[in-house]
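Colleague: can you look at this prediction? I've put the sequence above it.
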Amino acid sequence: MKLEKFEKKIPKKIFSVLKKRKFAELRPCQTKSINKGLFEDKNLLVCTPTASGKTLVAELAILNAIFHDKGKAIYVVPLRALASEKFKDFKKHYDEFFKIAISSGDIDTADSYLANYDLIITTSEKLDSLLRHRAHWLSQVKVVVLDEIHLLNDASRGPTLEILITILRKLLPKLQLIGLSATIGNPEALADWLNAELVLDHWRPVRLDKGVFFDDKIEFSKK
């Protein structure tokens, strides 16, 4: 859908950033997220295919937290390599608009220097460390994005992520949570636990065909 059609629903400063980045259209999960309260600080669980535009939903929530709510944002990923990748992406697109930091090391510390940054990209394990050290700047956090939130079901990372979400909700009652995933078996139940609006969509930029490879041949299923 054309970006202009949502101009009245998108805060002016955020709309100008989108125009500067030359966005002309919004994808289905992005329009659905806006309609379900993205800019009203509602929790969202976005379950859509890979490359369908989930990351921009998170970026819009981050921009809203920093520009409108005058607070900080945290982007949580499961792996340090992914944290580095996201840090580079955010620096590329938003370095002129706000200050971005990455905190994903093994050192168990409060990282007080993060008080000087608007967006902190980190792993769930590192955020657990920051919470246990009671980093004073955490009270300024307005939104937390949880990438790959389906890892709640992972035997190794799931318990830490679940405890993090529970502590964050208790510590910051007005916090906005944005969960992102391409694969969740029970999205309705998870959305209910998060007290979140569920954004479901099956649109993908490239058609996905399923088939069986056998004897050097692929036989695709018939539509």
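Modeller: Now that the structure is in, tell me what you want to look at.
Colleague: report the mean per-residue pLDDT for whichever strand or helix holds Ala58.
Modeller: Using DSSP states H and E, Ala58 maps to helix 54-63. Per-residue pLDDT over helix 54-63 has a mean of 96.
Colleague: would you mind listing the buried residues in that helix?
Modeller: For helix 54-63, burial by neighbour count (16 or more other Cβ atoms under 10 Å) applies to Lys54, Thr55, Leu56, Val57, Ala58, Glu59, Leu60, Ala61, Ile62, Leu63. C-beta here means a position set from N, CA and C on the backbone, and glycine is covered the same way.
Colleague: surely the fifth one touches Ile74?
Modeller: When you say that, I think you mean Ala58. No: between Ala58 and Ile74 there is no contact under Cβ atoms under 8 Å: 10.9 Å.
Colleague: okay, and the common contacts of the two?
Modeller: Val145 (Cβ atoms under 8 Å, 6 or more residues apart in numbering).
Colleague: quick one on the thing from earlier: and which of the buried residues of helix 54-63 is nearest Thr183?
Modeller: The nearest member of the buried residues of helix 54-63 to Thr183, counting by Cβ to Cβ, is Lys54 at 11.9 Å.
Colleague: ok, now which ones touch Leu63?
Modeller: Taking Cβ under 8 Å, 6+ apart, we find Leu63 in contact with Lys13, Ile14, Val17, Tyr94, Phe97.
Colleague: widest-spaced pair of those residues?
Modeller: Lys13 and Tyr94 (12.5 Å).
Colleague: which one of the two is surrounded by more residues?
Modeller: Set Lys13 next to Tyr94 and count neighbours by other Cβ atoms under 10 Å: Tyr94 wins out with 19 against 13.
Colleague: would you mind measuring from the more buried one to Glu219?
Modeller: Computed with Cβ to Cβ, to the nearest Å, the distance linking Tyr94 and Glu219 is 46 Å.
Colleague: picking that back up, redo the contacts of Leu63 as a markdown table? Include pLDDT, secondary structure and distance to Glu125.
Modeller: Shown next, in a markdown table, are the contacts of Leu63 (pLDDT from 0 to 100; DSSP: H, G, I helix; E, B strand; the rest coil; distance: Cβ to Cβ, whole Å):
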| residue | pLDDT | secondary structure | distance to Glu125 |
| --- | --- | --- | --- |
| Lys13 | 96 | helix | 34 |
| Ile14 | 96 | helix | 31 |
| Val17 | 95 | helix | 31 |
| Tyr94 | 96 | helix | 25 |
| Phe97 | 95 | coil | 28 |
